[in-house]
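1. Prediction below, plus the sequence it came from.
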Amino acid sequence: MSDNTPILIWLRRDLRLSDHPAFHAACATGRPVIPVYILDAQYGALAAAPLYRLGLGLEHFAQTLHEKGSRLVLRRNPSALDALKALIEETGAGAVYWSRQYDPDAVRRDTEVKSALKEQGVEAKSFQGHLMFEPWTVETKTGGFYKVYTPFWKMVKDRDVAVPLAAPADIPAPDSWPASDDLGEWNMNGAMNRGTHVLRPFVQLGEKAAQSRLGAFLAHKVADYNTTRDLPGVDGTSNLSENLALGEISPHQCWHAGQRALQEGKSGAETFLKELVWREFAYHLMHHTPRILTSNWREEWEGFDWNEDERRAEVIAWKQGRTGVPFVDAAMREMYVTGRMHNRGRMIVASYLTKHLLCHWRIGQKWFEECLIDWDPASNAMGWQWSAGSGPDATPYFRVFNPVTQLDKFDKNRNYSGRWIAEGHAQPHKDALAYFEAIPRSWNIAPDDAYPQPVVDVADGRKRALHAYENRGF
């Protein structure tokens, strides 16, 4: 093998140049580097909003590479292995580098790829990058993985986190580039239909935007983060979820920036660091217990009589943001317009669906997967099972958030609900009106409709949930 054979950088959820160990290692060799993205069976199966956001991210990253004198080679193939083999044959590449992923489908795929390429005599190497702490490196004192967050946090909070790497000064290019698919022909915004023009202004693309978000958050918002993160009507969070989901910024970069803010006396920075570790905790649980993605993590919940009929009127009302409960409806509408939802809203809508309506958390998990541009497999599953009570370190099953008193507590001035709900307002907020532009016309909903009555009385829903739990012996 010539020392000058190209290296393929197989990109996935790591659309950045700085703090990219695989990219850094490839460029450090001095050999030609060919960045590649493969729309395989796993990524091709993404639902509407995350697929749309991925398309935007790829387009932006391709431009970033172009400005560096490089290119992004796109290939669509159900088999990532077949696509890589074809590129190796076309380019003479002697190595493939990539950043690790941790969901079970990705692990199976990557294991197969690594084994097959090595058999072919091609160097196949995976790198850390999507997590700060690899799941197999964090164990309890008696061995095994952590099932409760607080001990997990105490174990890792003082660990060394690798210092972020600078972006490569130069990306060595090959003498000739392999052919690339046309991104437009992938039609990654097709399932979004008319919602794209509504959602697009709320998207902040790429590495520079992510770094700007982080800098602004730490300069102006993190000091009060302990309080403001719970107020959906206040811009008090980092808003980095969409960028972390596609790796436009690394958790290492966020961690070190948060540590600096903490050293500067900004007390809210510790809570920000804990949120980063909560993300890690979700990934570790997914790695060790992949069933968290599809089944009740607590096996005693397997016999619980969830409603699984998505055609029921109350489920449709929940999806449409028409439950008659302002906090729930505002949060759902925020998601349709922006592609994201405030974390307090996520807890409220999840509790309402799984407890007041006694619907299976999988209904909500799948709907979020359809609608969120910051969709993340581990965080989505963990969040839903936490809210439902069926997951690790979950909220107690008997804790049923009251969405009315929660609104009084966290949105006293109704800034949040007023921004997202148009019905009953003489001059609705422009974002409340945007909801009607984003939703399918088949829903036949208009801003001058009457606001609906609650599909279930909040107090009655709570009593029904507690009765169902008691009959199961919880």
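-> Yes, it's here. No experiment lies behind these values; they were computed from the predicted model shown.

2. only C-alpha atoms for contact and neighbour calcs from this point on.
-> OK.

3. mean confidence for the longest strand along the chain?
-> Taking DSSP state E as the criterion, the chain has its longest strand at strand 33-39. The pLDDT scores in strand 33-39 average 98.

4. and if you look at stretch 413-422?
-> Mean predicted lDDT for stretch 413-422 stands at 96.

5. CA-only coordinates of it in PDB, if you can.
-> Extracted in PDB, the C-alpha atoms of stretch 413-422 (Å, rounded to 0.1, in the frame of the first residue of the first chain):
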ATOM      1  CA  ASN A 413     -47.600  36.300  32.000                       C
ATOM      2  CA  ARG A 414     -48.600  33.800  29.200                       C
ATOM      3  CA  ASN A 415     -45.800  34.900  27.000                       C
ATOM      4  CA  TYR A 416     -45.300  31.300  25.800                       C
ATOM      5  CA  SER A 417     -48.900  30.300  25.300                       C
ATOM      6  CA  GLY A 418     -49.700  33.700  23.800                       C
ATOM      7  CA  ARG A 419     -46.900  33.300  21.300                       C
ATOM      8  CA  TRP A 420     -48.100  30.000  20.000                       C
ATOM      9  CA  ILE A 421     -51.900  30.000  20.300                       C
ATOM     10  CA  ALA A 422     -53.900  32.200  17.900                       C
END
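
6. related to what we said a few turns ago, list the buried ones in the longest strand of the chain?
-> The neighbour-count check on strand 33-39 (16 or more other C-alpha atoms under 10 Å) flags 33-39 as buried.

7. in the stretch 51-200 of the chain, which spans are helices?
-> All helices of the stretch 51-200 of the chain, identified by DSSP state H, counting those that start in this stretch, fall at 80-91, 104-119, 149-156, 196-199.

8. P326 is nearest to which of those?
-> Distance to P326, taken as C-alpha to C-alpha, is lowest for helix 196-199 among the helices of the stretch 51-200 of the chain, at 21.5 Å.

9. from the chain's centre, how far out does the closest one sit?
-> Relative to its parent chain, helix 196-199 has a centroid offset of 19 Å by C-alpha atoms, centre = their mean, to the nearest Å.

10. Please identify the buried residues of it?
-> Going by 16+ other C-alpha under 10 Å, helix 196-199 has these buried residues: 196, 198-199.

11. hang on, V337 in a helix?
-> Yes. Under DSSP: H, G, I helix; E, B strand; the rest coil, V337 sits within a helix.

12. how close does E123 get to L72?
-> 21 Å (C-alpha to C-alpha, to the nearest Å).

13. got any ranges where this structure has weak pLDDT?
-> 1-2, 394, 473-474 (pLDDT under 70).

14. roughly how far apart are P454 and G418?
-> Distance, P454 to G418, by C-alpha to C-alpha: 18 Å.

15. and these two? which has more neighbours close in?
-> G418 (19 against 14; other C-alpha atoms under 10 Å).

16. helix, strand or coil for the more buried one?
-> Reduced to three states with three-state DSSP, the structure at G418 is helix.

17. these two touch, right, it and Q427?
-> No. Applying C-alpha atoms under 8 Å as the test, G418 and Q427 come out as separate, 10.3 Å apart.

18. Nearest residue to R200 in space, ignoring adjacent ones along the chain?
-> T338 (7.9 Å; C-alpha to C-alpha, 6 or more residues apart in numbering).

19. gap between the one you found and Q63?
-> T338 sits 24 Å away from Q63, going by C-alpha to C-alpha.

20. So these two - more neighbours on which side?
-> Neighbour totals were compared for T338 and Q63, and T338 leads with 23 against 15 (other C-alpha under 10 Å).

21. Run through the residues that contact that one.
-> Shown in contact with T338 (C-alpha atoms under 8 Å, 6 or more residues apart in numbering): 198-200, 202-203.

22. Check M335 too.
-> By C-alpha under 8 Å, 6+ apart, the residues touching M335 are 341, 371-372.

23. Looking at those, which is nearest A219?
-> M341 (22.9 Å).

24. where's Q385 relative to P454, distance?
-> According to C-alpha to C-alpha, Q385 stands 25 Å off from P454.

25. I'd like the contacts of M335 as TSV, with neighbour count and distance to Y97 appended.
-> TSV is the format used below for the contacts of M335 (neighbours: other C-alpha atoms under 10 Å; distance: C-alpha to C-alpha, whole Å):
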residue	neighbour count	distance to Y97
M341	24	34
C371	23	31
L372	24	29
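
26. Just give me the closest of those to G389.
-> M341 (20.6 Å).

27. quick one: the closest residue to that closest one other than its chain neighbours and A432, what's the gap?
-> Nearest residue to M341 in three dimensions, chain neighbours excluded: M335, at 5.1 Å (C-alpha to C-alpha, 6+ apart). The gap separating M335 from A432 is 11 Å, by C-alpha to C-alpha.

28. now G324
-> Taken as C-alpha to C-alpha, the span from G324 to A432 is 15 Å.

29. Can you pick out the residue with more neighbours from those two?
-> Between G324 and A432, A432 has the larger neighbour count (other C-alpha under 10 Å), namely 22 against 17.

30. okay, now the domains of this structure?
-> 1-129, 131-162+196-288, 299-469 (automatic domain parsing).

31. Need those domains in a markdown table (columns: distance to A173).
-> Shown next, in a markdown table, are those (distance: least, C-alpha to C-alpha, whole Å):
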| stretch | distance to A173 |
| --- | --- |
| domain 1-129 | 5 |
| domain 131-162+196-288 | 21 |
| domain 299-469 | 32 |
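
32. Quick check: which of these is nearest to D175?
-> Of all the domains of the chain, it is domain 1-129 that lies closest to D175, at 8.2 Å by C-alpha to C-alpha.

33. Show me which positions of stretch 461-474 end up buried.
-> Residues 461-462, 464-466, 468-469 are the ones in stretch 461-474 that count as buried (16+ other C-alpha under 10 Å).

34. Contacts for that stretch, please.
-> For stretch 461-474, contacts defined as C-alpha under 8 Å, 6+ apart pick out 304, 355-358, 397-398, 400.

35. Go through those residues and name the one nearest E112.
-> Of the contacts of stretch 461-474, the one sitting nearest to E112 (C-alpha to C-alpha) turns out to be F304, at 37.1 Å.

36. Leaving out sequence neighbours, find the closest residue to the closest one.
-> R472 (6.9 Å).

37. ok, now how distant is that neighbour from K355?
-> From R472 across to K355, the span is 14 Å (C-alpha to C-alpha).

38. for the closest residue to S238 other than its chain neighbours, phi and psi?
-> Spatially, and ignoring its direct neighbours in sequence, S238 is nearest to F217 (5.4 Å; C-alpha to C-alpha, 6+ apart). Main-chain torsions, F217, degrees, to the nearest 10: phi -60, psi -50.

39. quick one: F217 from V337, how far?
-> Look at F217 and V337: by C-alpha to C-alpha, they are 22 Å apart.

40. Looking at these two, which is more packed in?
-> With neighbours defined as other C-alpha under 10 Å, F217 and V337 compare such that V337 has more, 28 against 20.

41. which residues touch the more buried one?
-> With contacts defined as C-alpha under 8 Å, 6+ apart, V337 is in contact with 195, 198-199, 431, 434-435, 438.

42. Check H256 too.
-> If you count contacts by C-alpha under 8 Å, 6+ apart, H256 has them with 161, 163.
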